[in-house]
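> after the sequence you'll find the predicted model.
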Amino acid sequence: MESEIKTSSHRNQIITIAGGAIFGGLSMAISPFTGSIPRFSIGWGMSILDPISIIWLICFLIFGWKSGLLASGLGVIGIGLFSPELFPWLGGFMKFCATISFILIPAILAKLRNHKAIDFKSLKLYGTSSGLALLLRLGLMIPLNIFFAIPLYAALLGFPLQDSITFMTLWLAPTGITGWGAVIITICVLNIWQSLWDISIPYIVCFPTKIVENYAFW
């Protein structure tokens with residue numbers, strides 16, 4: 001019996017690593033092509049749809065949080081190496097920070113309430129988890145952009161910080177909203193938009209298709 005338990009545990013660890021590696025490799029493979037995705041004309045020009053984080057979250061829903069983190073880590077490396085964006089290593093780091101809450105929050109809820117992957121098919125549970133994850137994402141990304149990413153981008157580009165702020169908030173000029181207030185609104189709008197894709201597409205891919213029901217490992 002003990003031998004069977006060890007064998008099963010070892011098999012699960014292999015599947016967890018393999019799942020994360022496969023999805024991480026997939027996100028690495030599409031990194032060079034993300035430059036062809038249309039971008040917003042507001043803020044810093046974030047892609048209208050970012051498939052890389054979606055791949056990480058699909059991996060999480062199927063294989064669990066360890067696989068999700070592994071896929072995310074590999075994906076960040078892929079962005080750093082292959083993404084056509086101007087500062088890919090910085091973009092990869094920010095993408096990881098923006099996505100991580102959508103892995104950690106449901107993983108914590110699952111641990112506290114003994115939920116399995118299939119339980120998140122419930123729109124009530126999935127919606128609660130996603131709402132909390134979005135709040136955490138905004139709570140993290142607002143200060144991370146204001147105190148780290150925006151000043152660093154400005155320094156790397158050789159632009160005065162105020163000019164960078166003015167440029168990324170031009171879309172709000174007709175409203176009269178300027179300065180850091182405009183920056184916060186811009187950060188929130190872009191992150192909420194991407195979160196809608198991060199929430200909806202993994203759900204559609206994993207639950208109506210019964211992929212989680214038939215193949216999830218947690």
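Arrived safely. Note that the structure is a prediction, hence the values are computed from the model and not measured.

> quickly note the distance from Ala98 to Leu26.
Using CB to CB, to the nearest Å, one gets 19 Å for the distance from Ala98 to Leu26. Placement of C-beta: from N, CA and C, glycine included.

> what about the two, which has more around it?
More neighbours sit around Ala98 than around the other of Ala98 and Leu26, counting by other CB atoms under 10 Å; the figures are 23 against 20.

> in this structure, where is pLDDT below threshold?
Within the chain, the stretches with pLDDT under 70 are 1-8, 41-45.

> report the spatially nearest residue to the residue most central in space within the chain, omitting neighbours in sequence.
Most central in the chain under CA atoms, centre = their mean is Thr99, positioned 2.4 Å from the mean C-alpha point. Nearest residue to Thr99, sequence neighbours excluded (CB to CB, 6 or more residues apart in numbering): Ser53, at 4.3 Å.

> secondary structure element holding the one you found?
helix 51-63 (DSSP states H and E).

> quick one: list the elements packing against that helix.
helix 2-30, helix 65-82, helix 88-99, helix 101-113, helix 179-206, helix 211-215 (3 or more CB pairs under 8 Å, 6 or more residues apart in numbering; DSSP states H and E).

> among those helices, which comes closest to Phe120?
Proximity to Phe120, assessed across the helices and strands packed on helix 51-63 by CB to CB, is greatest for helix 101-113 (6.3 Å).

> which residues touch the following helix or strand past that closest one?
If you walk from helix 101-113 toward the C-terminus, the next helix or strand you reach (DSSP H and E) is helix 123-144. Among residues not part of helix 123-144, those counted as contacts by CB atoms under 8 Å, 6 or more residues apart in numbering are 94, 97-98, 101-102, 104-106, 109, 115, 119-120, 184, 187-188, 191-192, 195, 199, 203.

> immediately after helix 123-144, which helix or strand?
Toward the C-terminus from helix 123-144 - assigned by DSSP H and E - lies helix 150-157.

> tell me which residues of that following helix are tucked away?
Across helix 150-157, burial judged by 16 or more other CB atoms under 10 Å covers 150, 153-154.

> relative to helix 88-99, how tilted is that helix?
Helix 150-157 runs at 170 degrees relative to helix 88-99, counting by axes from the mean of the first three to the mean of the last three CA atoms, to 10 degrees.

> this completes my enquiry, with thanks.
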